[in-house]
Structure formats: structure tokens, C-alpha cells
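> got a sequence here, can you model it:
(one chain, ligands or ions: 3)
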Amino acid sequence: MVIVADKPDARGRTVREEDLQAAVRAVEKSTVVCLSSHVNPDGDALGSLLGLTLALSAQGKAVYAALPRPEQFPPQYHFLPGREMLRDPEEIPEGADLFIALDCSNAERLEGLRPKAEGARFLVNVDHHEDNNLFGHLDLVDPGASSTSELVYRLLRAGGWESTPEVATCLYTGLVTDTGRFQHRNTSPEALAVASELAAAGADLALISREVYESQSLSYTRLVGRALERAEVLEDLGLVFSYITQRDLRETGASLQETEDLIDHLRTVRGTRVAAILKELEDGKVRVSLRSRDGAEVGPVARALGGGGHANAAGYTSDLDIEGSLARLLEVLRRGRHG
Ligand code: AMP
Ligand code: MN
Ligand code: MN
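Numbers count the residues shown, from 1 in each chain. Ligands and ions are numbered 1, 2, ... in the order given. Coordinates of the predicted model:
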């Protein structure tokens with residue numbers, strides 16, 4: 001696929017024990033800890049945020065945790081413990097001693113909370129994106145980690161902080177969703193070992209699978225039907241794509257927040273290596289989700305179009321309409337194929 005001149009990033013990094021210890025010390029000497037994760041939060045953004053919120057509260061810290069846009073909390077994650085501890089972003093103090101950003105490849109992913117993160121006296125960046133631009137004073141960034149939730153678990157272990165069943169449920173949710181139920185290439189022996197430890201710590205595996213994967217609303221089920229019916233394959237690119245519009249959302253009654261796994265329904269088509277789903281937003285812009293397999297990489301494609309992500313799971317927002325966004329995407333994919 002496309003090769004783009006990248007800015008310095010986290011490729012090849014791992015998290016050293018001394019970095020984990022530095023983060024532990026930073027937490028221990030702070031009374032107030034602020035936490036946040038990325039806009040359009042997924043299971044890992046929420047699981048790592050809530051798991052760390054619960055664990056640090058149990059350590060007696062005053063934890064101020066918020067999503068940059070609280071209204072984006074997806075319904076399938078309402079069961080997560082600790083949700084009631086989330087505050088409005090306005091309540092996050094300025095100039096805090098410590099701010100921890102979770103699952104964000106860069107500070108822009110924090111949107112409105114970015115100034116508070118950057119204004120904190122110490123900023124810790126915990127993430128697993130290979131395009132992470134190392135924006136923290138301390139970067140716990142490991143592109144080899146399955147999920148940010150896995151890294152949070154390593155941090156808890158380093159601090160000797162307890163993983164209660166509630167913490168374990170949050171972190172396991174991050175692991176299971178970011179690995180596509182332990183199917184994607186990021187399902188490493190370490191990820192499975194952490195999953196096992198979280199199960200032993202009391203993560204409610206039955207609740208997680210029921211709530212995340214078997215509680216789909218009828219409206220969303222119908223929306224999936226529309227998207228699948230429209231799916232098309234471009235054989236020369238090994239691409240399968242589809243789209244949903246604001247009108248589809250209105251007519252089915254589904255919400256955009258419910259659509260995180262829509263791409264997973266598409267990406268299984270035989271003979272394809274790249275899947276794309278285009279989602280029309282309220283303001284007419286289009287959010288594009290990309291997935292790839294069998295050696296194809298979509299991270300560089302998303303970066304070329306102003307977004308980012310992992311080699312096999314990436315995304316961006318396009319200012320064009322659906323038709324225009326699709327045309328632009330095909331252009332970039334074709335350019336990549338021909339060098
Ligand atoms: P999604 O398709 O929204 O599930 O996103 C897939 C991956 O791409 C996730 O790891 C996201 O964090 C990343 N991603 C999506 N949109 C953007 C963006 N605008 N900028 C940077 N990374 C993104
Ligand atoms: Mn994420
Ligand atoms: Mn993640």
C-alpha cells in the first residue's frame with residue numbers, strides 16, 4: 001500500500017520497566033490525577049480509562065476522569081463499572097499535577113481537553129499506536145501491545161495496585177475489543193497472558209460478551225442490513241466497501257455510536273484484503289474506517305488522508321461527501337498499488 005514520509009513516531013518502541021516505575025512514582029506523589037482518552041471512544045479507550053480511574057480511586061487519589069465529548073459514550077459500553085465516576089470535561093482542573101492520556105496517538109485526539117493535558121505539570125501518554133508522536137513528558141508507548149488496557153494492566157502490576165473484579169472487567173473489555181475477540185494479529189502471547197490474569201482477577205467474561213456482542217438494538221441490526229446490502233467489491237484493489245448516511249440513521253433509529261463493529265461485518269468477504277466503511281456525520285463530513293489483512297496496510301492510507309491508526313485498523317474524517325470521499329480513497333489506494 002501507500003508509503004508516506006512519516007513524522008517521528010513510536011515504531012520499534014517498547015515500555016521499559018523504568019518507565020513504568022517513573023509513572024508509578026508520578027502517581028504516588030500526586031494527590032490529584034486527571035485522566036482522559038480519545039474522541040469517538042471505543043472499547044479500549046473506555047476500558048483503559050475506567051479501569052485506571054477505579055484503580056487509582058482505590059489508592060485514595062482524587063481522580064478527575066472525563067471523555068472529551070461525554071455524549072459520545074456508546075450504549076454497548078454502558079455496563080462498564082466506573083462510568084458514574086466520569087465528569088464533564090469542564091470539571092477537569094487546569095494546571096493539574098498529573099494528566100494521563102489513554103489510547104491517544106497524539107494530543108489532538110483529546111480535542112477540547114488538549115489544553116488541560118498540555119497545561120498539566122506532568123503529562124503521561126499511555127498508548128499502543130505505532131504512529132504515536134510521543135507527546136507526553138513520559139511516554140508509555142508500545143506498538144507491540146494489544147491495547148492500551150494491556151498497558152494499564154502492566155502499570156497496575158508495576159505499582160502493586162489491586163485489580164478488583166471491576167477494574168479487571170474494564171481492562172478485559174479493552175483487550176477483547178481491540179483484538180477483535182482475540183482474532184487480530186495483535187493477539188500476542190502477552191495479551192493472552194494478561195487476559196488470563198484479568199479473568200483470574202474476576203473480570204466478568206459472560207457479562208462482557210453479552211453486553212458488547214449480543215445486545216445489539218433492533219435499529220442497529222437493521223442498519224447493518226442496509227450497509228451489508230450495499231457492499232461492493234473492487235477486485236483490482238482487493239477492497240470491500242459500503243456506507244451509511246444520516247438518512248439511514250434517521251430511518252432505522254440507530255445511533256452513530258452503536259456502529260463501532262459495523263466494519264467487522266464487512267471485512268470478512270473472501271478475496272478482499274481491505275475493508276472501508278464511510279459514515280456520514282451530522283455536519284455532512286464523513287468518517288472513514290479502514291481495516292486490512294494478509295499483508296495490506298491501511299495505517300499509511302489513513303495518514304495520507306489526514307487521520308491515523310494501526311497498520312491493520314485505521315481511520316480519518318473527510319470534508320467531502322460520501323461520493324467524493326470514496327473517490328479520494330480509491331485514488332490513494334490505487335496510487336499505493338502502483339507505487
Ligand atoms: P475506527 O475505524 O474509528 O475504529 O478507528 C480505527 C483506528 O484508527 C483506531 O485505532 C483509531 O484510534 C484510529 N483513528 C481513527 N480515526 C483517526 C483520526 N482521525 N486520527 C488518528 N487516528 C484515528
Ligand atoms: Mn481506541
Ligand atoms: Mn486501542
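> relative to ligand 2, which residue of the stretch 101-250 of the chain is the closest?
Nearest to ligand 2 in the stretch 101-250 of the chain, going by CB to the ion, is residue 103, at a distance of 4.4 Å. Every C-beta, even on glycine, is put in place using the N, C-alpha and C of the backbone.
> what sits against that residue?
Applying CB atoms under 8 Å, 6 or more residues apart in numbering, we find residue 103 in contact with 37-38, 42, 44-45, 48-49, 126-129, 147-148.
> what do you get if the cut-off is 6 Å, keeping everything else the same?
Contact analysis of residue 103 by CB atoms under 6 Å, 6 or more residues apart in numbering lists 37, 38, 44, 45, 48, 127, 148.
> which residue packs closest to it, ignoring adjacent ones?
Once its chain neighbours are removed from consideration, residue 103 has its nearest residue in residue 148; the separation is 4.0 Å (CB to CB, 6 or more residues apart in numbering).
> flag every residue of this protein that's near ligand 1.
Residues of the chain lying near ligand 1 by CB under 6 Å from any ligand atom: 38, 40, 42, 105, 289, 307-310, 313-317.
> can you do 5 Å?
Applying the criterion CB under 5 Å from any ligand atom, the portion of the chain that neighbours ligand 1 consists of 289, 307, 308, 309, 313, 314, 315, 316.
> and stretch 156-163, how far from the chain's centre?
Using CA atoms, centre = their mean, to the nearest Å, the mean C-alpha position of stretch 156-163 is found 23 Å from that of the whole chain.
> make that stretch 288-304, sorry
Averaging C-alpha positions (CA atoms, centre = their mean) puts stretch 288-304 15 Å from its chain's average.
> near ligand 2 at all, that stretch?
No - Stretch 288-304 stays clear of ligand 2 (CB under 5 Å from the ion), getting no nearer than 11.7 Å.
> what's the end-to-end length of that stretch?
Start and end residues of stretch 288-304 are separated by 13 Å (CA to CA, to the nearest Å).
> buried ones in that stretch, by neighbour count?
By 16 or more other CB atoms under 10 Å, the buried positions in stretch 288-304 come out as 288-293, 296-304.
> now do stretch 229-241
For stretch 229-241, the buried set under the neighbour-count rule, 16+ other CB under 10 Å, comprises 231, 237, 238, 239, 240, 241.
> now what about it, what contacts it?
When contacts are taken as CB under 6 Å, 6+ apart, the neighbours of stretch 229-241 outside the stretch itself are 242, 266, 269, 272, 273, 274, 275, 276, 333.
> mind checking which of the residues you listed are in helices?
When helices are assigned by DSSP state H, the members of the contacts of stretch 229-241 inside them are 266, 333.
> buried subset of the contacts of stretch 229-241 as a PyMOL selection?
One line in PyMOL is enough to select the buried members of those, burial here meaning 16+ other CB under 10 Å:
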select buried, resi 242+266+272+273+274+275+276+333
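> need the contacts of stretch 229-241 in CSV with pLDDT, can you?
Compiled in CSV, these are given as follows (pLDDT from 0 to 100):
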residue, pLDDT
242, 98
266, 96
269, 96
272, 97
273, 97
274, 98
275, 98
276, 98
333, 97
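> what distance do you get for residue 295 to residue 329?
As judged by CB to CB, to the nearest Å, residue 295 and residue 329 stand 19 Å apart.
> my error: substitute residue 265 in the last question.
Computed as CB to CB, the residue 265 to residue 329 distance reads 19 Å.
> now residue 78
When residue 78 is compared with residue 329 (using CB to CB), they lie 33 Å apart.
> more crowded one of these two?
When residue 78 and residue 329 are compared on other CB atoms under 10 Å, the one with more neighbours turns out to be residue 329, at 26 against 10.
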